[in-house]
Structure formats: C-alpha cells, structure tokens
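**Q** Structure, please.
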Amino acid sequence: MRSKNFTYEKSGVSIKKADNFIKFISSSTKKSKKSGHFKNIGGFGAITKLPSNLKNPYLVTSTDGVGTKIEVANQLNKFDTIGVDLVAMCVNDLIVQGAKPLLFLDYISVEKIDSNKLKNIIKGIISGCKLAGCELVGGETAEMPGTYSKGKFDIAGFSLGVVDKDKILLNKIKEKDLVIAIPSSGLHSNGFSLVRHIIKRKNINLKKNIFLKKELLVPTKIYVMQVLKLINKDYLSACANITGGGLEDNIKRIIPDNYCAEINLEKIKTLKIFRWLKNQGIDDQEMLKTFNCGVGFCLIVKPSNYKKINKFFPKKFKPYIIGKITKNSKKVKLSGKVIW
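**A** Numbering: from 1, shown residues only. Model prediction:
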C-alpha cells in the first residue's frame, strides 16, 4: 500500500516558520545597515565591499561558539544576551591580529523552531554586531528534530575582519614592555560546564539564586572599539583575548620565542563571581586554567604608552599593570597568588 500525506512539516520541520524568521532577521538588520551595502539576508550568499581606505588589506577570520552557557540560558529561559556572547567570542579574537570586524554570520541549530527564543537570540547578535562595528550579513537556521532533545539548541558564529598590512600585530613585542589587564565583565563564555557541575552537585536552585541568576548570563565584554583606537594610534605591541585555558595559555600564544611574560597574580582584580566559584572548592590552578578570573583581555604595551591608553576605557574597564616582558625561554611565568 502506498503511503500518503508525507510532508516535511509532519517530520518536524516547518519551512513556513523558518521563512518568517528570515523575514524577521531581514527587517531587524535593515535598521543597522550602512548605506550602499548590499541586501544580503535571504540570499544564497552575502556580498560585502572591502574598505577602500586600506593600502594593503589582509583578511582575518574567526569562528566560535558559546559552549554550555546556552544550557544556563535554557534553564533561566533568558536568551537576549547569548547572541552578544556569540559575537564577542569571534570579534575579540579578530582584534588580536589588529583587524577591524567587517561582517558576521551565525549558525543556529534547534530541535524545533521557537520564534520568541530565536528572535531574542538574533536581537542579541545584532546588538553585539553594533557594539563591534560590524554587520550581520547572513547565516543558517537549521531545524533538526531527532538530533536535539526538546528545547535544546546550539549556536556558532563566523566573523571576517580586515587589517592593513602595517597594522598587523605580529612580532612587535620587546623586552621591558608591560603586560596590561583589561577587566572582564564576568565569566564571559568559558568554564560553564564546571559551573553547571557545581550547581548540580550542590543542588543549587538556579532560578531562586538571585546572585547566580544575575551573574551567569552577563554578556561577554566586546573590546573592539577601544582596542582598535589603540591600534590606530600604534600604542600596542600585541594583545590577547583571555578565553578557554585562562591567562597563561592565551598569553603564551602571542609571546615570541626567547621572550617571557612575567605576571604577578597578586595584581589581578578578581570579580565577585570568581570569588564565589573559588569558595565552592576549586583550587587556584584549576581556577586559573578554566576561567579568566577577572582579566578578559590583555594588552602588551611600551611603558611610555601605558598612561596614554587609560583614557580610552570607561571606569569599569580601566586597564592596569599585571606584569612585564623579559628575556627567557619560558613564554609565561606566574608568580604570587591570586587574592580572592
């Protein structure tokens, strides 16, 4: 007997809902588009013109996600900041190379399209793009029944930046340069599997814990605007985005051979959320390896440039010295202990 009435809708995928969501994204991005740009949302590919003021432009790319922070968003039914995190995790990597973010694309995969949830995520992405000075030009929303359990989803982002060759931050670090910390806004988007493990093991009711409810979904700080101004003025020797792996692993990635970033951990200004985590029974080494511990971004600058950079940051994110560059075969040396 021939089977009848098989439809994509009955398999769990709604083309109509997906089309309506694309229309929502298109109308939302129109408000932030710059004149002269192509209409990209809903097409097969995005078209973007390279800036004309660069003599020798290089493209820089980055892709990332937000890890299991999405599970906290699901648990608290709050999705308006997770999109900012997604943009931040990508564009904060671009500026490490000296690149200005140009465009952003997202990928959202869901068990079933929930219009309100997706609209809030997209609003966050658009907000993040505005903070980074780039444009959301496209993406993909995949409804995947049977792959994700009910209500579950994942998001990923891709960003493209551009930098003039003489502004690329490579091999500019010198002995006696200072290591400068820029405060984080909180956990950013790293270490959430450990955070969730603690919450589960200690039977903490996340919805009733006012402190955690507020702190865990604070969006990742986007450092683009401030850092690009410093790059344009040639105030930076290098910089590092402090994400998974913590301070040591991320700074190590930008230090040239035979140089060392000597960091005094006692100088770090920790935030309340990290003191709370420390008090749950995490040792210092694990804290430093898993979390940013209050340092969201690092700058390497000449001593003469240190005072010049302060005015570019608001009070909450004022830079401060945590170390210096020396000659050594070990790329990072940590001394002292974090004062929690």
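**Q** dump the residue contacts of the residue positioned nearest the centre of the chain.
**A** Compute the mean C-alpha point of the chain, and by C-alpha atoms, centre = their mean the closest residue is residue 89, 1.8 Å away. By C-beta atoms under 8 Å, 6 or more residues apart in numbering, the contact list for residue 89 reads 64-66, 157, 188-189, 220, 243. Quick note: C-beta positions are derived from backbone N, CA and C, even for glycine.
**Q** try 7 Å
**A** 64, 66, 157, 189, 220 (C-beta atoms under 7 Å, 6 or more residues apart in numbering).
**Q** what number of residues lie near the last one?
**A** When counting by other C-beta atoms under 10 Å, one arrives at 29 neighbours for residue 220.
**Q** How about the fourth one?
**A** Neighbouring residues of residue 189 were enumerated by other C-beta under 10 Å; the total is 24.
**Q** Next: residue 304.
**A** Residues within reach of residue 304, counting by other C-beta under 10 Å, total 9.
**Q** Next one: it from residue 272, what distance?
**A** Look at residue 304 and residue 272: by C-beta to C-beta, to the nearest Å, they are 34 Å apart.
**Q** re earlier: same list, the contacts of residue 89, but as JSON lines with secondary structure please.
**A** Output for the contacts of residue 89, formatted as JSON lines (DSSP: H, G, I helix; E, B strand; the rest coil):
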{"residue": "64", "secondary structure": "strand"}
{"residue": "66", "secondary structure": "coil"}
{"residue": "157", "secondary structure": "strand"}
{"residue": "189", "secondary structure": "coil"}
{"residue": "220", "secondary structure": "coil"}
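**Q** Residue 111 is in contact with residue 148, isn't it?
**A** Yes: counting by C-beta atoms under 7 Å, residue 111 does reach residue 148; the two are 3.8 Å apart.
**Q** residues near the nearest residue to residue 225 once chain neighbours are set aside, how many?
**A** Distance criterion C-beta to C-beta, 6 or more residues apart in numbering; nearest residue to residue 225, sequence neighbours excluded, is residue 133 at 6.5 Å. Residue 133: 14 surrounding residues under other C-beta under 10 Å.
**Q** Also the one 4 residues further on?
**A** By the measure other C-beta under 10 Å, the count of residues near residue 137 is 23.
**Q** Could you chop the chain up by domain?
**A** 12-167, 178-186+221-335 (automatic domain parsing).
**Q** related to what we said a few turns ago, pick the one among the contacts of residue 89 closest to residue 236.
**A** Closest approach between the contacts of residue 89 and residue 236, by C-beta to C-beta: residue 220, at 20.6 Å.
**Q** Comparing the domains of the chain, which yields the minimum mean pLDDT?
**A** Among the domains of the chain, domain 12-167 carries the lowest mean pLDDT, at a mean of 86.
**Q** How much space separates residue 307 from residue 212?
**A** 38 Å.
**Q** circling back to that earlier point, pull the contacting residues for the residue nearest to residue 225.
**A** Residue 133 neighbours (C-beta under 7 Å, 6+ apart): 101, 224-225.
**Q** Sketch out the helices for the chain, chain order is fine.
**A** Assigned by DSSP state H, the chain shows helices spanning 8-11, 15-30, 69-76, 82-94, 115-132, 192-201, 210-215, 224-232, 246-252, 272-278, 284-290, 306-309.
**Q** okay, the ones you listed, which one's buried deepest?
**A** helix 82-94 (a mean of 28; mean count of other C-beta atoms under 10 Å).
**Q** Look up the pLDDT of residue 8 for me, please.
**A** 52.
**Q** can you pull the contacts of the nearest residue to residue 141 once chain neighbours are set aside?
**A** Sequence neighbours aside, residue 108 is the residue nearest to residue 141 in space, at 4.8 Å (criterion: C-beta to C-beta, 6+ apart). Residue 108 is in contact with 118, 121, 141, 153, 155, counting by C-beta under 7 Å, 6+ apart.
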